[in-house]
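Q: The following block contains a protein sequence and its predicted model.
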Amino acid sequence: MYGNDFSGPEEAPGGGLLGEVEAAETALREAAARQRSSPAAEPGVDLAAYFTDVIAADQKIEPRDWMPEAYRRTLIRQIAQHAHSEIIGMQPEGNWISRAPSLKRKAILLAKVQDEAGHGLYLYAAAETLGISRDELVELLLAGRQKYSSIFNYPTLTWADVGAIGWLVDGAAIVNQVPLCRCSYGPYARAMIRVCKEESFHQRQGYEILHTLSHGTEAQRAMAQDAIDRWWYPSLAMFGPPDGDSTHSEQSMAWKIKRFSNDELRQRFVDMCVQQAEILGVRIPDPDLRWNDERQAYDFTQPDYDELLRVIKGNGPCNRERIAHRRRAHADGAWVRDAATAYAAKRADQKEKVAA
Ligand code: BYC
């Protein structure tokens, strides 16, 4: 089942996230048209007041603008963690490229994993606009001094895990990232527009894999359900600690980096998944999941936040393996970086000679 003959998650009730991305893109363009020129060069301007005004007016802070040091540090932390997640996130699915069940599945998965590499690159580029280099960020990741999403420290045991990652992990990522399209920092917001559009395709491909399995043989249905059972709670934990324990949320929301709290987004994700699970014909592994008429939302069992902390601290099932693999891949790629640097130097030299 390929193409538009398939009712994917966006068409399912509670979808429509792509519409929000479109709206955010329009808002970004309008904000760019309204943008005042940076006052940095004008003498006597109160730069801190300008920063506050821009945030209050829902305009974008751009790299040329003055910004509080803590705002810059928060963005570097979050964007770097996001970029590292995209790069480390290639590993669990990359594990299945050579074992995908058909040539078509292989090609799709290969394209998806390549997209994740691209997302990592846009995000490193966005972080670089804040005055840190990609080399430094990579070093911080490899030294274990910057984090990446907890979710990528779980193993992919069967082909159905690729479906579950697409549906649940990419689904959670989109719910988290659509509001980031309205982040106050221009380069991050712009990167998110494209990332969300691509993530939407990723979610759809995962959903379609699960749809095929859940309408297949008994063994295929069991494999799909087993993957969902294992990925459900780690996906809920992707949204971070509960609001009461979230150290950065309050300040990040005041700066309009984050637009919703961790718990608000987690709730939104659960509400969306329940309806999609019904269409898929799979069970969400939570006996206490039920509609709450008063809250107009589903009650659900929270993920195990002690487990989240353990995984964040480096003690998840695959943390060591993931970082060891990344270090190896980085070392293996040294010759490419050396060759690119030598080529750039040669080109610069040639240009200088032509200009002379
Ligand atoms: N995992 O104060 P809080 C993808 C940390 S990749 C690890 O709530 P904040 C994909 C948090 O960093 C998608 N760490 O933090 C790729 C903080 O620690 P530090 C990845 C976590 O920043 C390939 C501490 O806990 N998405 O889609 O306000 C294939 C306290 O938390 C986690 C992003 O990166 C976690 N789950 O909110 C397939 C989205 N949760 O830094 C798919 C961008 C929390 O003080 N990031 N921590 O040492 C965000 O939206 C926010 O940073 C978070 C956390 C919601 C994750």
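A: All right, it came through fine. The shown structure was predicted, so the numbers you read here are calculated from the model rather than taken from an experiment.

Q: can I assume Tyr185 is in contact with Arg72?
A: No: Tyr185 is beyond contact range of Arg72, at 9.2 Å (criterion: C-beta atoms under 8 Å). C-beta coordinates here come from the backbone N, C-alpha and C atoms, glycine included.

Q: out of these two, which sits in the more crowded spot?
A: For Tyr185 versus Arg72, neighbours defined as other C-beta atoms under 10 Å are more numerous around Tyr185 (27 against 17).

Q: Look up how far Ala31 lies from that one.
A: Counting by C-beta to C-beta, to the nearest Å, the separation of Tyr185 from Ala31 is 12 Å.

Q: Lys112 too?
A: 31 Å.

Q: between these two, which one's more packed in?
A: Neighbour count, other C-beta under 10 Å: between Lys112 and Ala31, Lys112 has more, with 22 against 18.

Q: Verify the contact between Phe152 and Glu93 for me.
A: No: if you go by C-beta under 8 Å, Phe152 and Glu93 don't touch, sitting 9.6 Å apart.

Q: more crowded one of those two?
A: Applying other C-beta under 10 Å to Phe152 and Glu93 shows that Phe152 carries more neighbours, namely 26 against 23.

Q: can you tell me which residues contact that one?
A: Each residue near Phe152 by C-beta atoms under 8 Å, 6 or more residues apart in numbering is listed here: Ser85, Ile88, Gly89, Gln91, Pro92, Cys318, Arg322.

Q: Can you check which residues contact both of Tyr185 and Ala31?
A: Joint contacts of Tyr185 and Ala31 (C-beta under 8 Å, 6+ apart) are Lys60.

Q: Where does the prediction get shaky in this structure?
A: 1-15, 34-43 (pLDDT under 70).

Q: Around the ligand, which positions in it sit nearby?
A: Residues of the chain lying near the ligand by C-beta under 6 Å from any ligand atom: 77-78, 81-82, 85-86, 89, 116, 147, 149-150, 169-170, 173, 176, 237-241, 246-249, 252, 258, 262, 312.

Q: Give me the buried entries from those.
A: The neighbour-count criterion (16 or more other C-beta atoms under 10 Å) marks 77-78, 81-82, 85-86, 89, 116, 147, 149-150, 169-170, 173, 176, 237-241, 246, 249, 252, 258, 262, 312 among the residues of the chain next to the ligand as buried.

Q: was I right about Arg322 contacting Asn153?
A: Yes: contact criterion C-beta under 8 Å: Arg322 and Asn153 qualify, at 6.2 Å.

Q: Stretch 59-78: which residues count as buried?
A: 59-61, 65-67, 71-72, 74-78.

Q: domains in this structure, as residue ranges please.
A: As assigned by the TED database, the chain contains the domains 19-32+40-316, 317-355.

Q: Touching, Tyr71 and Trp255? I think so.
A: Yes: using C-beta under 8 Å, Tyr71 is in contact with Trp255, at 5.7 Å.

Q: host element of Val354?
A: helix 334-355 (DSSP states H and E).

Q: burial measure for Glu199, as a count.
A: 28.

Q: One more: Pro101?
A: 12.

Q: For it, which non-adjacent residue is closest in space?
A: Trp159 (6.1 Å; C-beta to C-beta, 6 or more residues apart in numbering).

Q: before we move on, what about Leu308?
A: Ala237 (4.3 Å).

Q: Okay, Phe152 and Asp338: tell me how far apart.
A: 28 Å.

Q: for the helix or strand hosting His325, packing partners?
A: Here His325 sits within helix 319-332, counting by DSSP H and E. Counting contacts by 3 or more C-beta pairs under 8 Å, 6 or more residues apart in numbering; DSSP states H and E, helix 319-332 packs against helix 69-88, helix 90-94, helix 134-142.

Q: For Phe201, find the nearest of these.
A: When the helices and strands packed on helix 319-332 are ranked by distance to Phe201, counting by C-beta to C-beta, first place goes to helix 90-94 at 14.0 Å.

Q: List the buried residues of the host helix or strand of Asp115.
A: Per DSSP H and E: Asp115 is located in helix 103-128. Neighbour counts over helix 103-128 (16+ other C-beta under 10 Å) mark 105, 108-109, 112-113, 115-116, 119-120, 122-124, 126-128 as buried.

Q: between the residues you listed, which is nearest the ligand?
A: Nearest to the ligand out of these is Glu116 (C-beta to the nearest ligand atom; 4.1 Å).

Q: Name the surrounding residues that touch the host helix or strand of Ile228.
A: Per DSSP H and E, Ile228 falls inside helix 218-237. Residues outside helix 218-237 that contact it (C-beta under 8 Å, 6+ apart): 150-151, 154, 157-161, 163-165, 168-169, 171-172, 210, 212-214, 266, 269-270, 277, 282-286, 300, 302-305, 307-308, 311.

Q: And stretch 174-187, by the same measure?
A: Under C-beta under 8 Å, 6+ apart, the answer for stretch 174-187 is 17, 20-21, 24-25, 27-28, 54-55, 58, 60-63, 75, 125-126, 129, 188-189, 192-193, 195-196, 199-200, 203, 238-239, 255-260, 265, 268-269, 272.

Q: Now, of the residues you listed, which are buried?
A: 17, 21, 24-25, 28, 54-55, 60-61, 75, 126, 129, 188-189, 192-193, 195-196, 199-200, 203, 238-239, 255-260, 265, 268-269, 272.

Q: ok and the residue in the stretch 251-356 of the chain nearest the ligand?
A: For the stretch 251-356 of the chain, C-beta to the nearest ligand atom, closest residue to the ligand: Ile312, 4.5 Å.
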